[in-house]
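Q: sequence and computational prediction follow.
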Amino acid sequence: MDDERSVHSLPPSGKDMRTCWVIDHPAHFQLFRQWFRDDDILVVTERQELDAMLVEELNQHILRVPRVKGSFLQKVSIGRRRQKAVRAFLQANPVFRVISKGAPFELRAAKGLVAERWYLTDTEVNTAAHKLAKATHILLPESWEGSLNATHTYPGILPQAYVPLNSSAWESAKGQVQRQIGLSEDDLVVFHRKLMGGGIHDDAELVNYDQVIRKMEVHFVENKESAAATDGSAWDLPVQATLFDGVLTGSTTLAAEAVVQGGPTLLISKAKRGFLTYLSDQPHFFHWNEDDLFDGRFTEMANEWRTHMRETRSSGRTPVIDKTKAALDDLFGQPIP
């Protein structure tokens, strides 16, 4: 952590705390948007899902930057270009703080220019970014299982700050999906989103489960990771996924969003996260994390998941509620109505 207080004298009042928000992933938009103010600025990564989300007009001045991906040398080259562009953007648009989730280059670009540089992460394996970030403030979940030290922590997990923590949408939609696709109301319909990889840590955590899910006695509605870039669903995805009987995915983000809304969720991924540990005692969360070894234990887990989907049809869903949003409001300012 960098302790660099000389770039400002006194902290501004809340209304004057102009902020640069770094948006590197659709979930970052979902989370941060509630605190945007008209004079804030945004750094938004060039990726299709974010292009679709920007169709909705925003008042903030926006800089688009390339996505850091590819080989190690490509990542270094892209990161340097990104850092240079962001520094020029910040020089032209002075702010009091930069807030970034998992993206380090904006914080490096801001060193010496911006008083507060907030680095927020819930992804322990993103160690390269942890080392690169030049942060004055490090915000971690209380469930953090990594070696990075926090200046601030928050309870619960991030989706609890931006998804609706009630089951009203699911209750009103119950049975409609079956009717729309011509199935019996007794049939289980599952929202399936396959992770395509290419992220900083995706490839090491992907599990090939294509063959095993074909044998499952459920009807899958497919939603590819790239679909949100073309069908305009990026903003609606966290709620849309929970309108079905359950969710099956390789995405830790989507799994967490579904679980906190009470949706029976099967995550197939080798990912290890503190926030997954936090969710592990929820009866409607099932996590298979053993590569592509699908033995009798997986069959048992999948059967339990299907049983839970049927049980929640009659018993209802129980969202996972914590004080996450209130804690972040205290740090970032009250949400804009």
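A: The structure has been received and is ready for your questions. Note that the structure is a prediction, hence the values are computed from the model and not measured.

Q: what's the burial count for the closest residue to residue 157 other than its chain neighbours?
A: Nearest residue to residue 157, sequence neighbours excluded (C-beta to C-beta, 6 or more residues apart in numbering): residue 275, at 4.2 Å. (Glycine included, C-beta is placed from N, CA and C.) Residues within reach of residue 275, counting by other C-beta atoms under 10 Å, total 26.

Q: and residue 52, by the same measure?
A: 19.

Q: now residue 100
A: 26.

Q: may I have the secondary structure class of the nearest residue to residue 24 once chain neighbours are set aside?
A: Closest residue to residue 24 in three dimensions, ignoring its sequence neighbours and counting by C-beta to C-beta, 6+ apart: residue 103, at 4.3 Å. Classification of residue 103 by DSSP: H, G, I helix; E, B strand; the rest coil places it in coil.

Q: report the residue ranges of every domain in this protein.
A: Per the record, the chain has its domains at 14-156+324-332, 168-315, by automatic domain parsing.

Q: can you give me how far the longest one is from the chain middle?
A: Meaning domain 14-156+324-332. From the chain centre to the centre of domain 14-156+324-332 is a distance of 13 Å (C-alpha atoms, centre = their mean, to the nearest Å).

Q: any chance of the domains of the chain in a markdown table, plus distance to residue 162?
A: A markdown table is the format used below for the domains of the chain (distance: least, C-beta to C-beta, whole Å):
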| stretch | distance to residue 162 |
| --- | --- |
| domain 14-156+324-332 | 5 |
| domain 168-315 | 8 |
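
Q: mean pLDDT lowest where, among those?
A: Ranked by mean pLDDT, the domains of the chain end with domain 168-315 at the bottom, a mean of 87.

Q: and residue 241, how far from residue 63?
A: Distance, residue 241 to residue 63, by C-beta to C-beta, to the nearest Å: 30 Å.

Q: give me the more crowded residue out of these two.
A: When residue 241 and residue 63 are compared for neighbours, residue 241 comes out ahead with 27 against 19, by other C-beta under 10 Å.

Q: would you say that one is within a strand?
A: No. Secondary structure of residue 241 (three-state DSSP): helix, not part of a strand.

Q: let me know the secondary structure of residue 277.
A: Residue 277 ends up helix, using three-state DSSP.

Q: tally up the residues packed near it, please.
A: When neighbours are defined as other C-beta under 10 Å, residue 277 has 13 of them.

Q: does it really touch residue 143, like I thought?
A: Yes. Residue 277 is within contact range of residue 143, at 5.9 Å (criterion: C-beta atoms under 8 Å).

Q: tell me which residues touch residue 97, please.
A: Applying C-beta atoms under 8 Å, 6 or more residues apart in numbering to residue 97 gives the contacts 17, 18, 19, 20, 114, 115, 116, 117, 118.

Q: would you mind giving both backbone torsions of it?
A: phi -150, psi 150 (degrees, to the nearest 10).

Q: roughly how far apart are it and residue 324?
A: Counting by C-beta to C-beta - residue 97 and residue 324 are separated by 20 Å.

Q: you'd agree residue 139 is in a strand?
A: Yes. When three-state DSSP is applied, residue 139 is found to be in a strand.

Q: which residues does it bridge with?
A: Judged by DSSP bridges, the bridge partners of residue 139 are residue 120, residue 152.

Q: count of residues packed around it?
A: 21.

Q: thought it was touching residue 158?
A: No. With contact defined as C-beta under 8 Å, residue 139 does not count as touching residue 158 (10.2 Å).

Q: how far away is the residue nearest to residue 209 when sequence neighbours are not counted from residue 239?
A: Closest residue to residue 209 apart from its sequence neighbours, by C-beta to C-beta, 6+ apart: residue 268 at 4.7 Å. With distances taken as C-beta to C-beta, residue 268 is found 22 Å from residue 239.

Q: and these two? Which one has more around it.
A: residue 268 (28 against 16).

Q: may I have the beta-bridge partners of that one?
A: Under the criterion used (DSSP bridges), residue 268 bridges to residue 288.

Q: got a list of what it touches?
A: With C-beta under 8 Å, 6+ apart, residue 268 has these contacts: 207, 209, 248, 249, 250, 288.

Q: let's see stretch 62-78 as PDB, backbone CA atoms only.
A: Written as PDB, here are the backbone C-alpha positions of stretch 62-78 (Å, rounded to 0.1, in the frame of the first residue of the first chain):
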ATOM      1  CA  ILE A  62     -15.700   8.500 -20.300                       C
ATOM      2  CA  LEU A  63     -12.300   7.100 -21.400                       C
ATOM      3  CA  ARG A  64     -12.300   3.800 -23.200                       C
ATOM      4  CA  VAL A  65      -9.200   1.600 -22.600                       C
ATOM      5  CA  PRO A  66      -8.000  -1.700 -24.100                       C
ATOM      6  CA  ARG A  67      -8.700  -4.900 -22.300                       C
ATOM      7  CA  VAL A  68      -5.500  -6.400 -20.700                       C
ATOM      8  CA  LYS A  69      -5.300  -9.900 -22.200                       C
ATOM      9  CA  GLY A  70      -3.100 -12.300 -24.300                       C
ATOM     10  CA  SER A  71       0.400 -13.400 -23.600                       C
ATOM     11  CA  PHE A  72       2.500 -12.000 -20.800                       C
ATOM     12  CA  LEU A  73       4.300  -9.600 -23.200                       C
ATOM     13  CA  GLN A  74       1.000  -8.600 -24.700                       C
ATOM     14  CA  LYS A  75      -0.400  -7.800 -21.200                       C
ATOM     15  CA  VAL A  76       2.600  -5.700 -20.300                       C
ATOM     16  CA  SER A  77       2.300  -3.800 -23.600                       C
ATOM     17  CA  ILE A  78      -1.400  -3.200 -23.200                       C
END
